[in-house]
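**Q** Got a sequence here, can you build the structure:
(2 chains)
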Amino acid sequence: AQSVTQLGSHVSVSEGALVLLRCNYSSSVPPYLFWYVQYPNQGLQLLLKYTSAATLVKGINGFEAEFKKSETSFHLTKPSAHMSDAAEYFCAVSDGNDYKLSFGAGTTVTVRA
Amino acid sequence: GAGVSQSPSNKVTEKGKDVELRCDPISGHTALYWYRQRLGQGLEFLIYFQGNSAPDKSGLPSDRFSAERTGESVSTLTIQRTQQEDSAVYLCASSPRLANTQYFGPGTRLTVL
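**A** Residues are numbered from 1 along each chain as shown, chains lettered A, B, ... in the order given. So this is what the prediction gives:
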């Protein structure tokens, strides 16, 4: 079984500052890892995914995440926050052969001008 | 092409009534998934379809919940005798095949009074 823990339900950053969202997972098999973003009143949009290729994954909108097996982590970062990054972010894991994603509880990002 | 669509976008019902939620997946996607998102929580997996077959229904919260899918197209999630704890956003996703990236619809917000 897989599970995900997102540290921090809310993160507030200044425009132009680093965005760091933490995600730790547990999985009995090599995991597939995902970050999704949910803007208000919209569905989830895939930011990026890790599927056992390069450990540093680049996604859309300037986001990237690094898979660290030793730390069972898949933290999401963006060097410089933009006002449009205000949204809720979900980390998810699957075992690659499974049909379902296990999601974290989500982290809401607010960006201060 | 068009993304995943869901209807209605909002549904308000009285406790004890039955509701039907509809999902139209991306054309050609064989796999379809239903998730539930309660306020302030992550997504819970409910059920998935491969074609019109639902091999695993263990995520459904109770026997009041059921789902069906016509071929590789539309799916309907039915909740009978709704309860207040059923209030949530119900999200549908589809993918070209199992264990592939899931593309989410905008969700149906269900409110049970």
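**Q** quick one: contacts of stretch B:51-67?
**A** A:99-100, B:30, B:34, B:36, B:44-49, B:68-72, B:75-83, B:86 (C-beta atoms under 8 Å, 6 or more residues apart in numbering or on different chains). C-betas here are computed from N, CA, C, even on glycine.
**Q** low pLDDT regions in chain B?
**A** Chain B contains residues with pLDDT under 70 at B:1, B:98-99.
**Q** before we move on, the earlier item: return a ChimeraX selection command for the buried portion of the contacts of stretch B:51-67.
**A** A single ChimeraX command selects the buried members of the contacts of stretch B:51-67 (16 or more other C-beta atoms under 10 Å in any protein chain shown):
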select /A:99,100 /B:30,34,36,44,45,46,47,48,49,69,72,75,77,79,82,86
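**Q** And stretch B:106-113, how far out from the chain middle?
**A** Offset of stretch B:106-113 from its chain centre (C-alpha atoms, centre = their mean, to the nearest Å): 11 Å.
**Q** again, but for stretch A:83-101
**A** Offset of stretch A:83-101 from its chain centre (C-alpha atoms, centre = their mean): 6 Å.
**Q** which SSE is A:Phe74 in?
**A** strand A:73-78 (DSSP states H and E).
**Q** let me redo that: A:Leu47
**A** strand A:44-50.
**Q** Which element is encountered next along the chain beyond that strand?
**A** In N-to-C order, the element after strand A:44-50 by DSSP H and E is strand A:56-58.
**Q** Now tell me what touches that next one from outside.
**A** Defining contact as C-beta under 8 Å, 6+ apart, one finds that strand A:56-58 is touched by A:48-50, A:64-67.
**Q** Can you narrow those down to the ones near chain B?
**A** Among the contacts of strand A:56-58, the residues lying close to chain B (C-beta under 8 Å from any C-beta of the partner chain) are A:Lys49.
**Q** is it possible to export the contacts of strand A:56-58 to TSV including neighbour count and distance to B:Asp24?
**A** Formatted as TSV, the contacts of strand A:56-58 follow (neighbours: other C-beta atoms under 10 Å in any protein chain shown; distance: C-beta to C-beta, whole Å):
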residue	neighbour count	distance to B:Asp24
A:Leu48	19	26
A:Lys49	19	24
A:Tyr50	20	29
A:Glu64	16	33
A:Ala65	26	31
A:Glu66	15	36
A:Phe67	20	34
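**Q** Could you single out the nearest of the contacts of strand A:56-58 to chain B?
**A** A:Lys49 (6.3 Å; C-beta to the nearest C-beta).
**Q** So the closest one sits against A:Phe34, correct?
**A** Yes: between A:Lys49 and A:Phe34 there is a contact at 4.7 Å, judged by C-beta atoms under 8 Å.
**Q** Strands of chain B, start to end?
**A** B:5-7, B:10-13, B:19-24, B:31-37, B:43-50, B:65-69, B:75-79, B:88-95, B:103-104, B:108-112 (DSSP state E).
**Q** Just want the most central residue of the chain.
**A** In the absence of a named chain, this looks at chain A. When C-alpha atoms, centre = their mean is applied to chain A, the residue found nearest the centroid is A:Trp35 (3.5 Å).
**Q** That was the other one, I meant chain B.
**A** Geometric middle of chain B (C-alpha atoms, centre = their mean) lands on B:Trp34, at 3.6 Å.
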